[in-house]
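S.K.: Coordinates for the following, if possible.
(one chain, ligands or ions: 2)
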Amino acid sequence: MVTARAPATSANLGSGFDTFGVALSHPADTVSVERAAETTIEVTGAGADFIPTDPEKNVVGAVADALEAPAHIHIDKGVRPSSGLGSSAASAAAAAVALNELYDRGYGRHDLVPVAAEGEAVVSGEAHADNVAPALLGGFTIVRSDDGATSVETNLSLVACLPEVVVSTRDARGVVPDSVSMADHVETVGNAATLTAGMCRSDPRLVGRGLDDPVVTPARADLITGYAGVREAALAAGATGVTVSGAGPSVLAVCEPGRRRAIASAMVEGFADAGVGARAYQTAVGDGTRVL
Ligand SMILES: Nc1ncnc2c1ncn2[C@@H]1O[C@H](COP(=O)(O)OP(=O)(O)O)[C@@H](O)[C@H]1O
Ligand SMILES: N[C@@H](CCOP(=O)(O)O)C(=O)O
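M.R.: Ligands and ions are numbered 1, 2, ... in the order given. From the prediction side, this is the model:
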């Protein structure tokens, strides 16, 4: 048996739609695999009742197919599904690493990015890699359709606040505008470049400024009850920037070390003011998938 732990991730980071992502130090999924004649799946943990065990419908089934590595796969969910925290990607990344080792396939981490992305296609309709890349590689990652993924180590404090509402990635992709104005394009490039410089310098002020996004985030914020109040509360508590995590409903705040506790409380209270229960993870940019 081989067991791997893969972290939650936060994709987009505002200005990097379908491009940027970070690995979170926690929460995480744990996946154990054993050789079998055909793939079977068992799921326990957070939101397990909402996750299919049919290999055609679970991301790990697609990963096992892509690696030609049939197995009994046990997924212990630490990352709630439809959270905006890369729940499906955590399972896909952990399964890719564990099956690669179980069957001695010899793929490197970068080779496994498109393999794990095949799993994402099962749930969102597209093999987007902005969650599986940071889940596999760790740190801050940039994915390009023609060029794989680039990863940068960074040291950054984060709060991810998960409300008790569900936003499916598939639905949230439906509200993304088809086109952008030149003014919004110029602003987005400036923000994305600022964010990248901030990641390279582990500078929460630059990263926070670079989270701003005039295009995708405003459209998606409407899907998250209480978003505007939660954002204001986090900024008032010291966050250097706030955005929707992935496709939502989680909200991500960047901050200086030492501010996480106050920001986490403010965000949970912000959701409570809108009548929505929530929990906050005081977390940080962390490592990628590891074999346990
Ligand atoms: N192993 C898995 N882990 C989590 N969700 C899965 C898995 N396999 C299939 N799914 C389905 O994927 C959807 C959640 O994925 P997604 O919307 O990408 O979540 P997140 O926003 O946390 O990344 C749910 O419909 C869930 O049933
Ligand atoms: N780029 C994708 C990221 C989805 O992330 P998830 O964690 O919500 O699955 C998108 O924005 O659709």
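S.K.: Please make it C-alpha for all contacts and neighbour counts, starting now.
M.R.: Fine.
S.K.: Can you pull the residues of the protein lying near ligand 2?
M.R.: When proximity is defined by CA under 6 Å from any ligand atom, the chain lies next to ligand 2 at 11-12, 17-18, 84-86, 130, 169, 173, 246-248.
S.K.: want to throw these into TSV with secondary structure and neighbour count?
M.R.: Below are those laid out as TSV (DSSP: H, G, I helix; E, B strand; the rest coil; neighbours: other CA atoms under 10 Å):
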residue	secondary structure	neighbour count
11	strand	31
12	coil	24
17	coil	20
18	coil	19
84	coil	30
85	coil	33
86	coil	32
130	coil	29
169	helix	19
173	helix	14
246	coil	30
247	coil	28
248	coil	29
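S.K.: From these, which shows the smallest pLDDT?
M.R.: Ranked by pLDDT, these bottom out at residue 169, which has 76.
S.K.: Skipping adjacent residues, who's closest to that one in space?
M.R.: residue 247 (5.4 Å; CA to CA, 6 or more residues apart in numbering).
S.K.: thinking that neighbour is in contact with residue 218, fair?
M.R.: No. Between residue 247 and residue 218 there is no contact under CA atoms under 8 Å: 11.7 Å.
S.K.: Can you report how many residues lie near residue 222?
M.R.: Residues near residue 222, counting by other CA atoms under 10 Å, number 12.
S.K.: per-residue pLDDT, it?
M.R.: 90.
S.K.: can you redo the residues of the chain next to ligand 2 as CSV with distance to residue 55?
M.R.: Output for the residues of the chain next to ligand 2, formatted as CSV (distance: CA to CA, whole Å):
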residue, distance to residue 55
11, 25
12, 28
17, 29
18, 26
84, 22
85, 22
86, 19
130, 23
169, 20
173, 24
246, 25
247, 24
248, 25
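S.K.: and residue 79, helix, strand or coil?
M.R.: coil (DSSP: H, G, I helix; E, B strand; the rest coil).
S.K.: and the longest strand along the chain, what does it pack onto?
M.R.: Longest strand of the chain, by residue count under DSSP state E: strand 20-35. Contacting strand 20-35 under the criterion 3 or more CA pairs under 8 Å, 6 or more residues apart in numbering; DSSP states H and E are the following elements: strand 2-11, strand 71-77, helix 87-102, helix 132-137, strand 140-144, strand 278-284.
S.K.: so where's the stretch 1-150 of the chain uncertain?
M.R.: Low-confidence segments of the stretch 1-150 of the chain (pLDDT under 70): 146.
S.K.: Looking at the residues of the chain next to ligand 2, spot the one nearest residue 123.
M.R.: Within the residues of the chain next to ligand 2, proximity to residue 123 (CA to CA) peaks at residue 169, which comes in at 8.0 Å.
S.K.: Do I have it right that that closest one meets residue 245?
M.R.: No. Between residue 169 and residue 245 there is no contact under CA under 8 Å: 11.1 Å.
S.K.: Of all the helices and strands packed on strand 20-35, which one comes closest to residue 213?
M.R.: Here strand 2-11 is closest among the helices and strands packed on strand 20-35 (CA to CA), at 13.4 Å.
S.K.: Just the CA atoms of that closest one, as CSV, please.
M.R.: What follows is strand 2-11, C-alpha atoms only, in CSV (Å, rounded to 0.1, in the frame of the first residue of the first chain):
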residue,chain,number,x,y,z
VAL,A,2,1.1,3.6,-0.7
THR,A,3,-0.3,6.6,1.0
ALA,A,4,0.1,10.2,-0.1
ARG,A,5,-1.1,13.6,1.5
ALA,A,6,-2.0,16.4,-0.9
PRO,A,7,-2.9,19.9,0.3
ALA,A,8,-5.8,22.2,-0.3
THR,A,9,-5.1,24.9,-2.8
SER,A,10,-6.4,28.3,-3.7
ALA,A,11,-6.6,29.0,-7.4
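S.K.: quick one: residue 267 and ligand 2, what's the gap?
M.R.: 19 Å (CA to the nearest ligand atom, to the nearest Å).
S.K.: okay, that residue: pLDDT?
M.R.: Value listed for residue 267 in the pLDDT field: 98.
S.K.: element containing the residue nearest to it when sequence neighbours are not counted?
M.R.: In space, and not counting its chain neighbours, residue 267 is closest to residue 230: 5.1 Å by CA to CA, 6+ apart. Per DSSP states H and E, residue 230 falls inside helix 227-236.
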